[in-house]
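[1] could you look at this predicted model? Sequence included:
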Amino acid sequence: MPSLPTLDISAFLINPHSWESELFVRELLAACHGPGFCYLIGHGVRPALDQAILEVAGRFFSLPETQRREIAIGHSPHFRGYTILGDERTQGKSDWRDQIDFGPEEPAMTLGSGEPPWLRLRGPNQWPASLPDMRDTVVDWMQAMQPLGENIMRALALGLGQPINCFDASMAPNPYSRLKVIRYPAQARRTNTGQGLGLHHDSGLLSFVLQDEIPGLQVQIGDELVDVHHKSGAYVMNLGEMLQAASRGYLRATKHRVESPPAGKQRISIAFFMNPRLDAEFTPLKLPPHLMLDAPGGQNANPRDPVFSSFGYNTLKIRMRAHPDVAERFYADVGPLSSP
């Protein structure tokens, strides 16, 4: 049974040009070209921050449903807020999870005619009034994760034969990184589909998952679905389809899913999506010849679901598909998206 590699980024964070860092870059490139998933340790995020966000997540999901619904995602044109059980879809089927979506905290924009619809994604979050400490906890954790993601992007740039700052300009000054606080409850026996989250690949650049001890995450490696177990102090890291496309397919956006937990259990995970600015464009890089030999092309195999080079359009496409209620209420004028 294949397993995921464990990579230690600590040396790279100290000095990205040391020999230990060169070894990390080679290991990272191999993991992202191969399984597309790894465990990441040595990241420097304080364990107390991880514990705090898992704890506040548990308290949120213990609130009465009426209080959780006060921040329903259907109220937000920015796709921020609470999604009730079964209201998000993967491959057209309901996922048995509920969650809260957060993003960069900023005022909503007043848009003129002709401006791109993805600008509506920018705006404020919704915060639960009955859990006032959740805001600081979420913001603190996101602020700790952002530089970690930026350093992974620098390491991947070096591994792909690019300048270390190759991706820096696409991040600053306003990256559109997002956070999902997720619960996977057990399903009733007679209606159990097993789908906590359907098989899919992520849509952006990098994803980091902090998971509790309850299993469920599975990664597709070849023809096998490999269980990704909890590892203390480690984040599970994987890549999104825009990075796959930008690397001409050398880096892999691997499909994965989450199985519903057994009766009497629930799984909680925190997913941080490291993304660029909404106006960033990702065109295929010029790779060194030895990497091009193993770069099969990065476009989605489904011709009806192309990966747009515009991050804003690509993100809006995914969000509208996952949350048709928000799309119907706030994006009825947009119609099917095609990249400009």
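    Structure's in. What do you need?
[2] for the stretch 1-150 of the chain, which segments are assigned as strands?
    Taking DSSP state E, counting those that start in this stretch, the strands of the stretch 1-150 of the chain run over residues 6-8, 37-41, 81-83, 89-90, 93-94, 98-102.
[3] mean pLDDT for those: which is lowest?
    Across those, strand 89-90 has the smallest mean pLDDT, namely a mean of 72.
[4] quick revisit: closest one to residue 235 among the strands of the stretch 1-150 of the chain?
    Among those, the nearest to residue 235 by Cβ to Cβ is strand 37-41 (4.8 Å). All C-beta spots, glycine's among them, are computed from the backbone N, C-alpha and C.
[5] so the residue lying closest to residue 281 once chain neighbours are set aside versus residue 279, what's the distance?
    Nearest residue to residue 281 in three dimensions, chain neighbours excluded: residue 309, at 5.2 Å (Cβ to Cβ, 6 or more residues apart in numbering). According to Cβ to Cβ, to the nearest Å, residue 309 stands 12 Å off from residue 279.
[6] rewinding a little: near the residue nearest to residue 281, how many other residues are there?
    Residues lying near residue 309 (other Cβ atoms under 10 Å) number 17.
[7] contact partners for it?
    245, 281, 282, 283, 339 (Cβ atoms under 8 Å, 6 or more residues apart in numbering).
[8] what does residue 48 give?
    Contacts of residue 48 by Cβ under 8 Å, 6+ apart: none found.
[9] ok, now with 10 Å
    Contact analysis of residue 48 by Cβ atoms under 10 Å, 6 or more residues apart in numbering lists residue 140.
[10] now it: how far from residue 233?
    For residue 48 relative to residue 233 (Cβ to Cβ), the value is 12 Å.
[11] repeat that for residue 26.
    Distance, residue 26 to residue 233, using Cβ to Cβ: 23 Å.
[12] before we move on, the earlier item: which one of the strands of the stretch 1-150 of the chain lies nearest to residue 295?
    If we rank the strands of the stretch 1-150 of the chain by Cβ to Cβ, the stretch that ends up nearest is strand 37-41, at 19.2 Å.
[13] can you give me the helices in this protein?
    Ranges of helices within the chain are 10-14, 19-33, 47-61, 65-69, 134-159, 168-171, 241-246, 289-292, 311-322, 324-330, based on DSSP state H.
[14] pull the residues that contact the fourth one.
    What that stands for is helix 65-69. Everything outside helix 65-69 that qualifies as a contact, by Cβ under 10 Å, 6+ apart, is 60-63, 75, 81-85, 98, 100, 128-131.
[15] hmm, 8 Å instead?
    Under the contact criterion Cβ under 8 Å, 6+ apart, helix 65-69 has outside partners 60, 61, 82, 84, 98, 128, 129, 130.
[16] tell me the mean pLDDT for that helix?
    Averaged over helix 65-69, pLDDT sits at 96.
[17] cool, and the fifth one?
    Helix 134-159 carries an average pLDDT of 97.
[18] could you check the pLDDT of residue 340?
    Residue 340 carries a pLDDT value of 55.
[19] buried residues in stretch 112-123?
    Within stretch 112-123, the residues scored as buried using 16 or more other Cβ atoms under 10 Å are 116, 117, 118, 119, 120, 121, 122, 123.
[20] ok, stretch 6-16 next?
    By 16+ other Cβ under 10 Å, the buried positions in stretch 6-16 come out as 7, 8, 9, 11, 12, 13, 16.
[21] as TSV, these with distance to residue 333 would be great.
    Output for those, formatted as TSV (distance: Cβ to Cβ, whole Å):
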residue	distance to residue 333
7	45
8	49
9	44
11	51
12	45
13	45
16	46
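[22] re earlier: so for the residue nearest to residue 281, what's the pLDDT?
    86.
[23] how far away is it from residue 198?
    Separation of residue 309 from residue 198 (Cβ to Cβ): 26 Å.
[24] and for residue 325?
    Residue 325 sits 18 Å away from residue 198, going by Cβ to Cβ.
[25] quick one: residue 146 from residue 126, how far?
    21 Å.
[26] quick one: which of those two has more around it?
    Shown here are residue 146 and residue 126; by other Cβ under 10 Å, residue 126 has more neighbours (19 against 16).
[27] hmm, residue 75 and the more buried one touching each other?
    Yes. Using Cβ atoms under 8 Å, residue 126 is in contact with residue 75, at 6.8 Å.
[28] ok, back up a step: residue 297: which of the buried residues of stretch 6-16 is nearest?
    Residue 297 lies nearest to residue 7 out of those, by Cβ to Cβ, at 26.1 Å.
[29] tell me the bridge partners for the closest one.
    residue 40 (DSSP bridges).
[30] what residues does it make contact with?
    By Cβ under 8 Å, 6+ apart, residue 7 lies in contact with 24, 27, 28, 31, 38, 39, 40, 41.
[31] mark which of those residues are buried, thanks.
    Among those, those scoring as buried are 24, 27, 28, 31, 38, 39, 40 (criterion: 16+ other Cβ under 10 Å).
[32] what's around residue 323, how many residues?
    23.
[33] got a list of what it touches?
    73, 74, 79, 83, 87, 88.
[34] what about it, distance to residue 274?
    Here the criterion is Cβ to Cβ. By it, residue 323 lies 21 Å from residue 274.
[35] just checking, residue 16 touches residue 155?
    Yes. Using Cβ under 8 Å as the test, residue 16 is close enough to residue 155 to be in contact (7.1 Å).
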